[in-house]
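Engineer: based on what follows, work out the 3D shape:
(chains A and B)
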Protein chains: 2
Amino acid sequence: MKIYRYPERNAWPDLVKRPVMEQKEISGLIRKIFNTVEEQGDSALIEFNKKFDRAVTPQIAVTEQELENAADKISEDLKKAIKQAKENISKFHNAQIAETEKIETVKGVTCWRENRGIEKVGIYIPGGTAPLFSTVLMLAVPANLAGCQEIILCTPPDSSGNINPAILFTAKLCGITKVFKTGGAQAVAAMSVGTESIPKVYKIFGPGNQYVVAAKEYAQRYGVAIDMPAGPSEVLVIADSQAVPEFCAADLLSQAEHGSDSQVVFITTDFKIFSETIEAVEKQVKKLPRNELATQALDHSVFVLMNSLEEALEFSNLYAPEHLILALEDFEQYIPQISNAGSVFLGNYSCESAGDYASGTNHTLPTNAYARNYSGVSLDSFVKKITFQHLSKEGLKKIGKTIEVMAEAEGLIAHKNAVSIRLK
Amino acid sequence: MKIYRYPERNAWPDLVKRPVMEQKEISGLIRKIFNTVEEQGDSALIEFNKKFDRAVTPQIAVTEQELENAADKISEDLKKAIKQAKENISKFHNAQIAETEKIETVKGVTCWRENRGIEKVGIYIPGGTAPLFSTVLMLAVPANLAGCQEIILCTPPDSSGNINPAILFTAKLCGITKVFKTGGAQAVAAMSVGTESIPKVYKIFGPGNQYVVAAKEYAQRYGVAIDMPAGPSEVLVIADSQAVPEFCAADLLSQAEHGSDSQVVFITTDFKIFSETIEAVEKQVKKLPRNELATQALDHSVFVLMNSLEEALEFSNLYAPEHLILALEDFEQYIPQISNAGSVFLGNYSCESAGDYASGTNHTLPTNAYARNYSGVSLDSFVKKITFQHLSKEGLKKIGKTIEVMAEAEGLIAHKNAVSIRLK
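Structural biologist: Residues are numbered from 1 along each chain as shown, chains lettered A, B, ... in the order given. Down below sits the predicted model:
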């Protein structure tokens, strides 16, 4: 833990810096994987499964039977939980569907926007230590609401060649029938270029390790869009004297357990809360199964004692956290001061894990200070907004001269002619 | 012109391919420019102005006096036109400000989104053959409406070290007071890394040549976001028997005059309209001042005769045009069939140049088939949508078990604890 008491303002820029990650130079490897997938298609993916996941997968596509059987392999409790989460996520994202509003900017000139779902989208779900079926919900639910016509999902198989049943159950629940056993950079490559089994998509969503992140970046050379740039997960908690140290500690740890590169920041104006939260963190971390990862993450965590909540909010805006928890009595009054954050949790009972799973908000959020310039995933991420305009002859007359004068001043005479020829 | 009569469907994928541009390998040069600007700041920009624009600019920042004087250097007609365009663009983009709607997904669990303007944005306006003051409107108007706090503008000086007065006038009209004399990749580098004069920004907007495009791509390594990937401009016109060949020709040419790499596509079901439009294009192009560029663009233009308007729409969706003109009697009925397009112009009087300048819609649109996965610039491009949630103790009780069960199934016990500790 790094502990700071009343740091000078000019020290802040150093404090908000993310720990520098060791970046392997992997662009050559990524290019090679893309080329291999482009040339050899499914058989390349089958080979990669052997090589990276020690899995024998004669067929890349998950069968209907496998999807069907998944429900029997998970508990009723889990099925019920996934369904409740889906319902809440659906409610929140459904409210994001914008109605078309026609604007008559000038009499006879009507402009509006209409949403169209991106036709083909790909969802990547990592394998590894945690089967992130919750991320399936966070991506498949808005994709469906947006009207995306083809939604595919890639995730790596385990060493027996199977996919985690909770991932399959959730995919099926969300109407995804095209699930493929492939992970890492090769999965991203397959969705970017297409193979015999896997269709090429227009946009790729989902988290992953540094190979997946690098592959998503590389995919853009193929005209594919991605959800957002990625980095390790992070939370910033601001607490006042009424906050509950045990709650704050639990929130900080639920971020720290994600991985050794996760970052947690705690700010308070209250000395008692400060020391008690640090104590509670040290106590709670010992009991965690992912204790080792969390402890590593805590090594570069930042605990700051500050003079005022206004200062704390300023610091937070400079840091631009993925998750911001305001464990404050008067959280309402501080909302307008928030300028950079991915998702904000208000009061003592809004724990981050609520938003991670089941409150309804999306958990795919900008990390690594990208909350300064990116929004989290929402329905908007799955649609294009197309502008439409209709001009009557009278409408064109009303703005015709404006167009002609501007086009001429820009030296674009054919632009001017398009008006003149209609009005003469 | 490439002329196709009733092409087979399996030939379409070739027809919708954009002409392949000669891509110089410039990534080394771009990296060098970024490094130079990072190391030498303003003095590098002053040197680049000498080297690339033959301009002596002892000071990079445009002075208040220069901004002030611009109004005297352009005609009253042009000032009036720019003001009318600004008004319409403001009206249309103002209607895009979303109201906050709070959603109670479960009793006691309230979620919503709030918009925050991206704090620092940079606008790039190219120099060269056409002074694109219209693009200043298209970017500065929504940036202001979004509440961006710092809006800066970079544009290259002419050989006397001056900026086109129409650009300065428009910038000032939009409240932009920080205008800088720098162009090309070095301008993008300056906005990405910051110099003595030019502040570092979080997102860069605006068109440019291949150096600017490559620099915007490169800027993302510095954590900067960009508006969208770029390519040459394009239009696709679909006409039926009631269309006016002279109008269609004028629209096609107003795209073709942008540059030799622009692409125009014309589709009709009517043989008479087909041949008359081709004739009209050949006649009108001769009279254009930018005749040479337009003629080069026409060389790789595509004229297609088709059996049905349904087919034409399908072809258009496959092409995914930046601009789509429906010169159709019953344009209304074809709107639902449009899935991929940047901006759509309906009927015989909605010429593309209306949207380029003054109807109110934005002219910064996805090209090069990016209309499949990107929207054009709108107010959304200048804001982040932050999600908020408030759970009461009762609210957390209602979804607590769901969170606990899901967190445990994902192996994230600290996530579960954050709920359990609050509910015990």
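Engineer: distance check, residue A:349 against residue A:273.
Structural biologist: Using Cβ to Cβ, to the nearest Å, one obtains 17 Å as the distance from residue A:349 to residue A:273. For the C-beta atoms, the positions are set from N, CA and C on the backbone; glycine is no exception.
Engineer: what mean pLDDT does stretch A:299-318 have?
Structural biologist: For stretch A:299-318, the mean per-residue pLDDT is 97.
Engineer: before we move on, back to that, so residue A:349 and residue A:273 - more neighbours on which side?
Structural biologist: Applying other Cβ atoms under 10 Å in any protein chain shown to residue A:349 and residue A:273 shows that residue A:349 carries more neighbours, namely 24 against 21.
Engineer: isn't the more buried one right next to residue B:397, touching?
Structural biologist: No - applying Cβ atoms under 8 Å as the test, residue A:349 and residue B:397 come out as separate, 9.0 Å apart.
Engineer: pLDDT value on residue A:23, please?
Structural biologist: 68.
Engineer: also residue A:128?
Structural biologist: We have a pLDDT of 69 for residue A:128.
Engineer: quick one, helices of the stretch 201-350 of chain A?
Structural biologist: Assigned by DSSP state H, counting those that start in this stretch, the helices in the stretch 201-350 of chain A fall at A:210-219, A:245-256, A:271-286, A:291-299, A:309-319, A:331-334.
Engineer: need the winner for burial among those helices.
Structural biologist: helix A:245-256 (a mean of 27; mean count of other Cβ atoms under 10 Å in any protein chain shown).
Engineer: so what secondary structure elements neighbour it?
Structural biologist: strand A:234-239, strand A:263-268, helix A:271-286, helix A:291-299, strand A:323-327, helix A:352-357, helix B:413-423 (3 or more Cβ pairs under 8 Å, 6 or more residues apart in numbering or on different chains; DSSP states H and E).
Engineer: of these, which shows the lowest average pLDDT?
Structural biologist: helix A:291-299 (a mean of 92).
Engineer: taking helix A:245-256 as reference, get the angle to it.
Structural biologist: 100 degrees (axes from the mean of the first three to the mean of the last three Cα atoms, to 10 degrees).
Engineer: quick one, helix A:291-299 and strand A:263-268 angle?
Structural biologist: Helix A:291-299 and strand A:263-268 are oriented at 60 degrees to each other (the same axes, to 10 degrees).
Engineer: helices and strands around helix A:291-299, which ones?
Structural biologist: In terms of contacts (3+ Cβ pairs under 8 Å, 6+ apart), helix A:291-299 is packed against helix A:245-256, strand A:263-268, helix A:271-286.
Engineer: what about dumping the CA coordinates of the second one to PDB?
Structural biologist: Output for strand A:263-268, consisting of C-alpha atoms alone and laid out as PDB, is shown next (Å, rounded to 0.1, in the frame of the first residue of the first chain):
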ATOM      1  CA  GLN A 263      -5.500  -0.900  -9.000                       C
ATOM      2  CA  VAL A 264      -7.500   0.400  -6.000                       C
ATOM      3  CA  VAL A 265      -7.500   4.000  -4.700                       C
ATOM      4  CA  PHE A 266      -9.000   5.000  -1.400                       C
ATOM      5  CA  ILE A 267      -9.600   8.700  -0.500                       C
ATOM      6  CA  THR A 268     -11.100  10.000   2.700                       C
END
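Engineer: strand partners of that strand, parallel vs antiparallel please.
Structural biologist: Partners of strand A:263-268 in the sheet, by DSSP bridges, are strand A:234-239 (parallel), strand A:302-305 (parallel).
Engineer: what's the angle between the first one and helix A:309-319?
Structural biologist: Read that as strand A:234-239. Going by the same axes, to 10 degrees, strand A:234-239 makes 170 degrees with helix A:309-319.
Engineer: residue A:37 looks like it's in a strand, true?
Structural biologist: No - looking at residue A:37 with DSSP: H, G, I helix; E, B strand; the rest coil, it is helix, so not inside a strand.
Engineer: tally of neighbours for it?
Structural biologist: 27.
Engineer: contacts only, for it.
Structural biologist: A:44, A:45, A:186, A:189, A:190, A:193, A:195 (Cβ atoms under 8 Å, 6 or more residues apart in numbering or on different chains).
Engineer: could you find the closest non-adjacent residue to it?
Structural biologist: Here the nearest residue to residue A:37 in space, its sequence neighbours aside, is residue A:189; by Cβ to Cβ, 6 or more residues apart in numbering or on different chains that works out to 4.0 Å.
Engineer: look up how far residue A:230 lies from the residue nearest the centre of chain A.
Structural biologist: For chain A, the residue nearest the mean C-alpha position is residue A:364 (2.4 Å; Cα atoms, centre = their mean). In this view, residue A:364 and residue A:230 are 9 Å apart by Cβ to Cβ.
Engineer: return every residue with contacts to both of those two.
Structural biologist: residue A:207.
Engineer: residue A:423 reaches residue A:397, doesn't it?
Structural biologist: Yes - using Cβ under 8 Å, residue A:423 is in contact with residue A:397, at 6.2 Å.
Engineer: in terms of neighbours, single out the busier of the two.
Structural biologist: Neighbour tally, residue A:423 and residue A:397, criterion other Cβ under 10 Å: the higher count belongs to residue A:397, 17 against 13.
Engineer: what sits against the more buried one?
Structural biologist: Contacts of residue A:397 by Cβ under 8 Å, 6+ apart are A:108, A:423.
Engineer: that one belongs to a helix, doesn't it?
Structural biologist: Yes - assessed by three-state DSSP, residue A:397 belongs to a helix.
Engineer: show me where the stretch 51-200 of chain A has strands.
Structural biologist: A:103-106, A:109-117, A:120-124, A:150-155, A:178-181 (DSSP state E, counting those that start in this stretch).
Engineer: tell me which of the ones you listed sits nearest to chain B.
Structural biologist: strand A:103-106 (3.7 Å; Cβ to the nearest Cβ).
Engineer: start and end of stretch A:192-200, how far apart?
Structural biologist: End-to-end distance of stretch A:192-200 (Cα to Cα, to the nearest Å): 5 Å.
Engineer: so which bits of it are buried?
Structural biologist: By 16 or more other Cβ atoms under 10 Å in any protein chain shown, the buried positions in stretch A:192-200 come out as A:192, A:193, A:194, A:195, A:197, A:198, A:200.
Engineer: adding distance to chain B, write the residues you listed out as TSV.
Structural biologist: Below are the buried residues of stretch A:192-200 laid out as TSV (distance: Cβ to the nearest Cβ, whole Å):
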residue	distance to chain B
A:192	12
A:193	15
A:194	13
A:195	18
A:197	20
A:198	17
A:200	11
